[in-house]
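**Q** Here is my input; please provide its structure:
(one chain, ligands or ions: 1)
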Amino acid sequence: MEKIDYKDLSINPITLIGRRHMLLTAGNKEIGYNTMTISWGQMGELWDKPVMTIYVRPSRYTKTFIDKQDYFTLSVLPEEYRRQVAYCGTVSGMRQNKFAETGLTPVVDGNSVYVGEAELVFKCKKLYQQPIEKKGFFDLDPFDENYSHGDIHVMYVGEIVEVLKK
Ligand SMILES: Cc1cc2nc3c(=O)[nH]c(=O)nc-3n(C[C@H](O)[C@H](O)[C@H](O)COP(=O)(O)O)c2cc1C
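**A** Numbers count the residues shown, from 1 in each chain. Below is the predicted model of the structure:
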């Protein structure tokens with residue numbers, strides 16, 4: 001993969017995050033790692049830095065790895081990996097080794113891990129985290145629709161420190 005400047009990206013962030021196949025991976029060689037599918041998030045600028053914001057429910061095993069160290073990665077996979085990405089979005093790493101089961105390749109890159117089959121990778125350094133709070137909603141519909149069983153997302157803002165492209 002080739003390192004590129006985020007300023008040279010020509011992508012639609014809404015469809016990239018919401019409609020493509022994106023895997024969030026956290027952990028490292030020492031503590032282990034895990035990956036899960038995501039489709040909610042934003043990309044933009046905050047605090048004068050290029051950032052990615054993601055939303056992770058506390059029940060996700062991947063969250064334990066996000067919380068244990070400083071980095072997470074987002075790997076965008078080509079359409080041919082639809083099945084593997086669906087698997088990573090329905091099965092928990094608490095019970096299965098998703099890399100072994102799907103054949104996807106974990107690439108240990110210093111203090112982070114990304115998915116080798118990705119065509120685009122964002123390496124992010126955690127800047128901020130905040131649980132979503134009911135009191136912040138102007139309209140309670142999204143809250144009621146998404147959190148009737150609790151497990152309320154935690155928002156993580158990560159600085160995009162590296163972009164890799166195939
Ligand atoms: C298309 C798709 C998008 C998803 N997006 C998110 C998301 O943005 N945040 C989240 O917490 N879970 C999301 N999930 C659910 C997790 O990927 C799923 O619960 C996964 O099994 C968690 O794995 P883990 O327990 O190994 O971390 C999504 C699932 C799918 C299929």
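**Q** Which pLDDT value belongs to Val85?
**A** Val85 is assigned 98 on the pLDDT scale.
**Q** did I read that right, it in a strand?
**A** No - Val85: not assigned to a strand; according to DSSP: H, G, I helix; E, B strand; the rest coil it is helix.
**Q** close enough to count as contact, it and Met36?
**A** No - using CB atoms under 8 Å, Val85 and Met36 do not qualify as a contacting pair, with a distance of 9.8 Å. (C-beta placed from N, C-alpha, C; glycine too.)
**Q** The two: who's more crowded?
**A** Taking neighbours as other CB atoms under 10 Å, Val85 and Met36 compare with Val85 leading, 27 against 24.
**Q** How about the residue nearest in space to the middle of the chain: what's its closest non-neighbour residue?
**A** Nearest to the geometric centre of the chain sits Leu24, at 2.8 Å (CA atoms, centre = their mean). Closest residue to Leu24 apart from its sequence neighbours, by CB to CB, 6 or more residues apart in numbering: Ile38 at 4.7 Å.
**Q** So in terms of bridging, what pairs with that neighbour?
**A** Under DSSP bridges, the beta-bridge partners of Ile38 are Met22.
**Q** Quick check: it vs the ligand, distance?
**A** 4 Å (CB to the nearest ligand atom, to the nearest Å).
**Q** Get me the contact residues on the protein for the ligand.
**A** With CB under 6 Å from any ligand atom as the criterion, the chain comes near the ligand at residues 34, 36-40, 55-57, 60-62, 86, 89-94.
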